[in-house]
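Chemist: Would you be able to build a 3D model of this:
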Amino acid sequence: MEIRVNESTCTGCSLCKGACLYDAIEIKDGIAVIGETCVFCGACVESCKFESIEIIGLDTEEKDFSDYKGVWVYLEAHGNEIADVGLELLSEGRKLADKLGVPLSGIAIGSGIEKNAMITFQYGMDKLYIIDDPVFENNIDDIFSKALVQLISKHKPEIFLAGATSFGRTLAPKVAAILKTGLTADCTGLTIDDEKKILLQTRPTFGGNILATIITRNARPQMATVRPHVMEKIKTARDPGDIAVDVIKIEIDPKNFKTKYKMLGTETEKGEKINITDYEVIVSGGRGLGGGEKFELLKELADTLSGVVGASRAAVDSGWISYPHQVGQTGKTVNPKIYIACGISGAIQHLAGMQTSDIIIAINKDPNAPIFKVANYGIVGDLFEIIPMLIKRIKDGKPLV
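Modeler: Predicted coordinates:
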């Protein structure tokens, strides 16, 4: 692949330099010069009004993927329990499958998981592939990837989704590398292109400052991982008895799933044991609080609402509150019914972790704070005056909003 500048038409206008996010372009003697840091993203090509820049050597061959059909979701298990992220992805996968007019399948691998795997049919799934064997007792990506690659190669799904958990982040890249396909990690949005019928995978990039939409053009399956709690899990049936189930049990020979790795043991994370994703109400504080002792006021509001205290990265980095409370791209992704942002400006890194909340209430002195753009309700004013008023209102039995 090569990128070229037509010196006869280039005017040195610097539009391409401004569009380049990699500082790969310089203007020398009135001509754009492409440096070695270029990654061939094509931003300069699109920005050039004179069509002076072109990328040559791109593979333009249209490949035939007609034998790839269906949307698959990997149902990660912890012990014999199916993780919530799998149910969230089934709900999102249902939308994608309906747009494509194809079935939605789940694949569960583990030991003693068959009974609990049946609940996944409540989330819109059409078919379940299940491998239940003691060899998969521990989540070791080396053997799980072998099983997934064999199933994907045989049944050829066009889309494969997995959770961006600690295990999923090691498993999915290994599967993608073996299958020689692309993988978009940590997606926050998935949809289908109406015209080309391909998966549009959106994720934050450049430290969360922009959102990139990525496609897998010349390989299948189209693979993506999604962070837990970014998607909403939606039941389509009250219990498994409400729907017909299609379960394919796959028998394996444990001798074919040997690995050089061995699970020596697991250790529970030390320190504060709190999972803010378990709460339906989160009251978060940011730099606007001015100090760690001010979080006591947020705790009082959170306790009044049977919720939990959250925080922005700025508050955590300042040592005002511990990391388990952090919400955002480098913290937890949450999806509560009510999210109250107090003294949080609304950097895109923070928004990436909470913008799917059902109701967002923002309290900030700055009327131009970005947080108000995603808030359902905004209160401009001093949070130290407003929060006591909210606490009193709730204790008096009045609605929050």
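Chemist: C-alpha only now, for contacts and for neighbours.
Modeler: Noted.
Chemist: which residues of the stretch 151-300 of the chain score low on pLDDT?
Modeler: 206-209, 237-244, 268-272 (pLDDT under 70).
Chemist: And the helices in it?
Modeler: Taking DSSP state H, counting those that start in this stretch as the test, the helices found in the stretch 151-300 of the chain are 168-179, 295-304.
Chemist: want to throw those into a markdown table with distance to Ile56?
Modeler: Formatted as a markdown table, these follow (distance: least, CA to CA, whole Å):
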| stretch | distance to Ile56 |
| --- | --- |
| helix 168-179 | 26 |
| helix 295-304 | 56 |
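Chemist: For Asp132, find the nearest of those.
Modeler: Among these, helix 168-179 comes nearest to Asp132, with 18.0 Å by CA to CA.
Chemist: on that earlier part again, save the helices of the stretch 151-300 of the chain as CSV, and put in mean neighbour count too.
Modeler: Below are the helices of the stretch 151-300 of the chain laid out as CSV (neighbours: other CA atoms under 10 Å):
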stretch, mean neighbour count
helix 168-179, 19
helix 295-304, 19
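Chemist: Could you point out which of these sits nearest Ala97?
Modeler: Closest among these, using CA to CA: helix 168-179, at 20.4 Å.
Chemist: name the helices or strands packed onto the closest one?
Modeler: helix 141-155, strand 159-163, strand 183-187, strand 222-226 (3 or more CA pairs under 8 Å, 6 or more residues apart in numbering; DSSP states H and E).
Chemist: how many degrees apart are it and strand 222-226 in direction?
Modeler: Angle, helix 168-179 to strand 222-226, by axes from the mean of the first three to the mean of the last three CA atoms, to 10 degrees: 170 degrees.
Chemist: any idea of the angle helix 168-179 forms with strand 159-163?
Modeler: 150 degrees.
Chemist: In the stretch 51-200 of the chain, mark out all the strands, start to finish.
Modeler: 53-56, 71-75, 77-78, 81-82, 104-110, 127-132, 159-163, 183-187, 189-192, 199-205 (DSSP state E, counting those that start in this stretch).
Chemist: Buried deepest among these, which one?
Modeler: Per residue and on average, the most neighbours among the strands of the stretch 51-200 of the chain fall to strand 71-75, with a mean of 28 (mean count of other CA atoms under 10 Å).
Chemist: tell me what it is packed against?
Modeler: So strand 71-75, by 3+ CA pairs under 8 Å, 6+ apart, packs with helix 84-100, strand 104-110, strand 159-163.
Chemist: One more pass at 10 Å, please.
Modeler: The helices and strands touching strand 71-75, judged by 3 or more CA pairs under 10 Å, 6 or more residues apart in numbering; DSSP states H and E, are helix 84-100, strand 104-110, strand 127-132, strand 159-163, strand 222-226.
Chemist: measure Ala212 to Glu114 for me?
Modeler: 38 Å (CA to CA, to the nearest Å).
Chemist: So which of the two has more stuff around it?
Modeler: Per other CA atoms under 10 Å, whichever of Ala212 and Glu114 has more neighbours is Glu114, with 20 against 15.
Chemist: what's the neighbour count on Asp194?
Modeler: The number of residues packed near Asp194 is 10, by other CA under 10 Å.
Chemist: Show the backbone phi and psi for it.
Modeler: When read as degrees, to the nearest 10, the backbone of Asp194 gives phi -60, psi -30.
Chemist: Pretty sure it sits against Leu96.
Modeler: No. Under the criterion of CA atoms under 10 Å, Asp194 makes no contact with Leu96, lying 11.0 Å away.
Chemist: first vs last residue of stretch 24-39, how far apart are they?
Modeler: Using CA to CA, first and last residues of stretch 24-39 are 9 Å apart.
Chemist: do you know which of the helices of the stretch 151-300 of the chain lies nearest Thr202?
Modeler: The nearest among those, by CA to CA, is helix 168-179 at 16.8 Å.
Chemist: quick one: the closest one to helix 141-155, angle?
Modeler: 50 degrees.
Chemist: Using PDB, write out every CA atom in helix 168-179.
Modeler: Output of helix 168-179 as PDB, limited to C-alpha atoms (Å, rounded to 0.1, in the frame of the first residue of the first chain):
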ATOM      1  CA  GLY A 168     -13.200 -11.900  26.600                       C
ATOM      2  CA  ARG A 169     -10.300  -9.400  25.900                       C
ATOM      3  CA  THR A 170      -7.800 -12.300  25.700                       C
ATOM      4  CA  LEU A 171     -10.100 -14.900  24.100                       C
ATOM      5  CA  ALA A 172     -11.600 -12.800  21.200                       C
ATOM      6  CA  PRO A 173      -8.300 -11.600  19.800                       C
ATOM      7  CA  LYS A 174      -6.900 -15.200  19.800                       C
ATOM      8  CA  VAL A 175     -10.000 -16.400  17.900                       C
ATOM      9  CA  ALA A 176      -9.800 -13.500  15.400                       C
ATOM     10  CA  ALA A 177      -6.100 -14.100  14.700                       C
ATOM     11  CA  ILE A 178      -6.700 -17.800  14.000                       C
ATOM     12  CA  LEU A 179      -9.600 -17.100  11.700                       C
END
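Chemist: residues contacting Thr181?
Modeler: 173, 175, 216-223 (CA atoms under 10 Å, 6 or more residues apart in numbering).
Chemist: again, but for Lys49
Modeler: Applying CA under 10 Å, 6+ apart, the residues contacting Lys49 are 10-11, 13, 15-16.
Chemist: That one: what secondary structure?
Modeler: The three-state assignment at Lys49 reads coil, by DSSP: H, G, I helix; E, B strand; the rest coil.
Chemist: Check the gap between it and Gly18 for me.
Modeler: If you go by CA to CA, the gap between Lys49 and Gly18 works out to 13 Å.
Chemist: and Cys41, what pLDDT?
Modeler: Note for Cys41: predicted pLDDT of 81.
Chemist: Report how many residues lie close to it.
Modeler: 12.
Chemist: I'd assumed Ile55 was in contact with it.
Modeler: Yes. Judged on CA under 10 Å, Cys41 makes contact with Ile55 at a distance of 9.5 Å.
Chemist: sorry, back to before: who wins for proximity to Ile31 among the helices and strands packed on helix 168-179?
Modeler: strand 183-187 (35.1 Å).
Chemist: what is the orientation angle of that closest one with strand 222-226?
Modeler: Using the same axes, to 10 degrees: strand 183-187 against strand 222-226 is 30 degrees.
Chemist: Low-confidence regions, the stretch 301-401 of the chain specifically.
Modeler: 400-401.
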